[in-house]
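>>> I would like the atomic coordinates for the input below:
(2 chains)
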Amino acid sequence: MSTVSVRYIVDDVDAAIAFYRDHLGYLRLVLVAPVPTGHPGGGSRPMPDGTPQRPGGWNRFMIEVPDVAAAAEKLRAAGVRFRNEIVAGVGGKQVMIEDPSGNPVELFEPIRPEARLARQ
Amino acid sequence: MAGDPLDALRLPVVPVDPRPEFATALHRRIEATIEGGADPGGRRDSPTVRYFVDDLELAVAFYCRQLGFEEELRSPPAFAMLYRGGLRLLLSVPGLPGAGAALSDGTVPAAGGWNRITVKVSDLGAALEALSSAGVPVRAGITRGIAVRQALIQDPSGNLVELIEPAEGYHERT
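Just a heads-up that it's a prediction; the model follows:
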């Protein structure tokens, strides 16, 4: 099957790699720091109108965890920043953490089978 | 009872601990088999990305018609779940219950930002031409990156989608 790829803009690639190393399963996450116009790495160059690319925003990838409270506690103890408290939605409980550049990552604990990160 | 006379000729049995790297490789292979099996429905742990969109119907139409996603379920007006290959894309509407709800400090999620999903195409020029003639905004035209050619398009809410065409030296884990 083809790899699923997501690009995240980060301020510090090394710090981002250290943050994400242990958390990736099937996802290929491409971490890039903003580069100047004309740089050979094209993914993070400014737009043709000059707008630079920045970390942040709300769109994010998700990681399924069996117990979001336990995962959150562990991450909090490790000094990871949180954007909100655990929220219970229709399909599951979720919480948003931030990588060192402030990009969101969602931890998700499904509370009904069809919400699992797998096609039924 | 006398031992088998052939025992003297047999090689000793030495217990060997499984090497961790072998176990890891085997584990990966088993998972790859599960994932890449003939039945895509048997896939587990689909990589999942959540995008915020202002108009659910417009967004579903965009991703399904223009980019080949399939609609898995829709729960208007707040949520839809789409698939494309191994990627599961969740669409949530800011300000509505669920993932779009305001944070405790009142901050409401929003569409946009620079982080994005990547869609691989075999002919970037043709793909971009078809998309622009369908009225899809192109944020950045074709540029050459490292081992890819790429372009950025926008969904109706302004979220970016990156199109890439592999070039010489392209790599991904298989």
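
>>> now the spatially most central residue of chain B: closest residue in space, sequence neighbours ignored.
When chain B is reduced to its mean C-alpha position, the closest residue under CA atoms, centre = their mean turns out to be B:Leu87, at 3.4 Å. The shortest distance from B:Leu87 to any residue that is not its chain neighbour, by CB to CB, 6 or more residues apart in numbering or on different chains, is 4.3 Å, and that residue is A:Val4. Using the backbone N, CA and C atoms, a C-beta is placed for each residue, glycine as well.

>>> I'd say the one you found and B:Gly85 touch.
Yes: counting by CB atoms under 8 Å, a contact exists between A:Val4 and B:Gly85, whose distance comes to 7.1 Å.

>>> which of these two has more neighbours?
Between A:Val4 and B:Gly85, A:Val4 has the larger neighbour count (other CB atoms under 10 Å in any protein chain shown), namely 24 against 18.

>>> now do the more buried one, the pLDDT please.
Note for A:Val4: predicted pLDDT of 79.

>>> and A:Thr37, by the same measure?
For A:Thr37, the pLDDT comes out at 87.

>>> the lowest-mean-pLDDT helix or strand in chain A: partners in the sheet, and parallel or antiparallel?
Comparing every helix and strand of chain A by mean pLDDT, DSSP states H and E singles out strand A:27-32 as the least confident one, with a mean of 84. The pairing partners recorded for strand A:27-32 under DSSP bridges are strand A:4-9 (parallel).

>>> ok, then the element right after the partner strand?
Proceeding N to C from strand A:4-9, the next assigned helix or strand is helix A:13-20, under DSSP states H and E.

>>> residues in contact with that next one?
Around helix A:13-20, the neighbours that count as contacts under CB atoms under 8 Å, 6 or more residues apart in numbering or on different chains are A:8, A:10, A:29, A:31-33, A:99-101.

>>> in CSV, list the C-alpha atoms belonging to that helix.
Below are the C-alpha coordinates for helix A:13-20, written out as CSV (Å, rounded to 0.1, in the frame of the first residue of the first chain):
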residue,chain,number,x,y,z
VAL,A,13,13.9,19.7,13.1
ASP,A,14,16.1,18.0,15.7
ALA,A,15,13.8,18.9,18.6
ALA,A,16,10.8,17.7,16.5
ILE,A,17,12.5,14.4,15.7
ALA,A,18,13.3,13.8,19.4
PHE,A,19,9.7,14.6,20.2
TYR,A,20,8.1,12.4,17.6
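
>>> and of the contacts of helix A:13-20, the nearest to chain B?
For chain B, the nearest member of the contacts of helix A:13-20 is A:Tyr8. The distance, counting by CB to the nearest CB, is 4.9 Å.

>>> pretty sure the closest one sits against A:Arg54.
No: counting by CB under 8 Å, A:Arg54 is not a contact partner of A:Tyr8; they are 11.1 Å apart.

>>> look at the two and report which has more neighbours.
A direct count of neighbours by other CB under 10 Å for A:Tyr8 and A:Arg54 places A:Tyr8 higher, at 25 against 17.

>>> the more buried one: what's it in contact with?
Taking CB under 8 Å, 6+ apart as the definition, contacts of A:Tyr8 comprise A:16, A:29-32, A:55, A:99, A:101, A:103, B:115.

>>> count the neighbours of whichever residue of chain B sits closest to chain A for me.
Of all residues in chain B, the one sitting closest to chain A is B:Gly113 (1.9 Å; CB to the nearest CB). Residues lying near B:Gly113 (other CB under 10 Å) number 23.

>>> quick one: it and A:Arg60 touch, right?
No: B:Gly113 is not in contact with A:Arg60 according to CB under 8 Å; the separation is 9.2 Å.

>>> can you give me the helices in chain B?
Taking DSSP state H as the criterion, chain B carries its helices at B:20-35, B:56-61, B:67, B:124-133.

>>> I should have written chain A there, sorry.
Remark: helices assigned in chain A by DSSP H are A:13-20, A:68-77.

>>> nearest to B:Arg50, out of those helices?
Distances from B:Arg50 to each of the helices of chain A were compared using CB to CB; the shortest belongs to helix A:68-77, at 15.1 Å.
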